[in-house]
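Predicted model follows, preceded by the sequence.
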Amino acid sequence: MNLTERQSRILAVARRDGRVDVDSLAREFDLTTQTIRRDLNELCLRGLLTRVHGGAILAHGLPGSLANVGYDERRALASVEKRRIGECAAALLPDHCSVMMNIGTTVEQVASALYERSGLMIVTNNLNVVNILSGSPVKSLILAGGEVRQSDGAVIGEAAVEFMRGFRVDYAVIGASALDAEGGVMDFDLREVSVARAILDNARHTVLVADRQKFERRAPVRICDMGRIDTVVTDLEPPESFRDACALADTRIVVTEPERAEVAHAR
């Protein structure tokens, strides 16, 4: 079951600050403390938070922790925001084009938004994307060969890298685990990163999909800098330093936040 939008926002605060306070959340959302406690209890039952006196702390450590989060838990994080990002990114892709897609829960939302589209060729190392698009009008669905990482359905390793190098597609759609203030696109697994780099290197236009929480996380392996990304699709205006990096690289930022949805160049 996906988290509610409020629960996703509560979890985002916990990831940023390391803990959340019942009274503060009740004031922020204009709700009773009992309602907030129910949300916290639900998040704790899912293993995302741990209850402490007066609130809860992040179950996976301090804010910005290098520890990655389980794939099923990542699906639940900011699920509403990721769906909006997926729909927005899918709208940037014309029918009858070729697209490479890597592993990632937000990338999967792009695939879901493409289900009714026709004439696309999708090349991916993501078993979940294949499952999502199976039976759709997509013209061609191509899965990379290689080692399958059973925790998330990613096909990784040198065989997958070489497979991606055999294509030259119109668009690449990639996700990442973290975005640093200088515009670095970061991840945890070097084997996964190698596939993402091959995808970027063999696409005419590159799209990064990332929800707001990625600006609050850290990861140790660099996929690329903003110079390799043509368009960033996110759900909230990024921090100023990241916008500056996008402006320097002439990278377009697409913001999907409902009340201020916009498509604009950084700055």
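In hand now; what should we look at?

got a list of what the closest residue to Thr32 other than its chain neighbours touches?
Distance criterion C-beta to C-beta, 6 or more residues apart in numbering; nearest residue to Thr32, sequence neighbours excluded, is Ala26 at 6.4 Å. (C-beta placed from N, C-alpha, C; glycine too.) Each residue near Ala26 by C-beta atoms under 8 Å, 6 or more residues apart in numbering is listed here: 32-33, 35-36.

Check those against Asn202 and report the nearest one.
Lowest distance from Asn202 to those (C-beta to C-beta) belongs to Ile36, with 47.5 Å.

Helix, strand, or coil at that closest one?
Here Ile36 takes the helix state, with states given by DSSP: H, G, I helix; E, B strand; the rest coil.

Please look at it and Phe29 and confirm they touch.
Yes: with contact defined as C-beta atoms under 8 Å, Ile36 and Phe29 form a contacting pair (7.1 Å).

Neighbour count: these two, which is higher?
Each of Ile36 and Phe29 has its neighbours counted (other C-beta atoms under 10 Å); Ile36 has more, 24 against 14.

how much space between that one and Ser8?
Taking C-beta to C-beta, to the nearest Å as the measure, Ile36 falls 14 Å from Ser8.

cool, and Asp180?
Between Asp180 and Ser8 the distance, using C-beta to C-beta, works out to 22 Å.

So for those two, which residue has more residues nearby?
Higher neighbour count among Asp180 and Ser8: Ser8, with 21 against 18, using other C-beta under 10 Å.

hmm, who's touching whatever helix or strand that one lives in?
Secondary structure assignment for Ser8, by DSSP states H and E: helix 5-17. Applying C-beta under 8 Å, 6+ apart, the external contacts of helix 5-17 come out as 3, 20, 25, 29, 36, 39-40, 42-43, 48-49, 56-58, 63, 77-81, 212-213, 216-217.

Gly135: helix or strand, and which one exactly?
For Gly135, there is no enclosing helix or strand under DSSP H and E.

And the pLDDT at Asp72?
Asp72 carries a pLDDT score of 58 in this model.

Please report the distance of the residue nearest to Ser194 when sequence neighbours are not counted from Leu114.
Spatial nearest neighbour of Ser194, chain neighbours left out: Val161 (5.0 Å); criterion: C-beta to C-beta, 6+ apart. Taking C-beta to C-beta as the measure, Val161 falls 24 Å from Leu114.

Please, where are all the helices along the stretch 1-150 of the chain?
With helices called from DSSP state H, counting those that start in this stretch, the stretch 1-150 of the chain shows them at 5-17, 22-29, 33-45, 71-76, 79-91, 105-113, 127-133.

Now render the ones you listed as a markdown table, adding distance to Val233.
Output for the helices of the stretch 1-150 of the chain, formatted as a markdown table (distance: least, C-beta to C-beta, whole Å):
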| stretch | distance to Val233 |
| --- | --- |
| helix 5-17 | 17 |
| helix 22-29 | 27 |
| helix 33-45 | 26 |
| helix 71-76 | 17 |
| helix 79-91 | 5 |
| helix 105-113 | 9 |
| helix 127-133 | 17 |
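
can you tell me which of the ones you listed comes nearest to Glu237?
In terms of C-beta to C-beta, the element of the helices of the stretch 1-150 of the chain nearest to Glu237 is helix 79-91, at 13.2 Å.

Identify all contacting residues around that closest one.
Outside helix 79-91, the residues that touch it by C-beta under 8 Å, 6+ apart are 2-5, 8, 105-114, 117, 173, 207, 209-212, 233-235, 254, 256, 258, 261.

Buried among those? Need that as a selection in ChimeraX.
Buried residues among the contacts of helix 79-91 (16 or more other C-beta atoms under 10 Å), as a ChimeraX selection:
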select :3,8,105,106,107,108,109,110,111,112,113,114,117,173,207,209,210,211,212,233,234,235,254,256
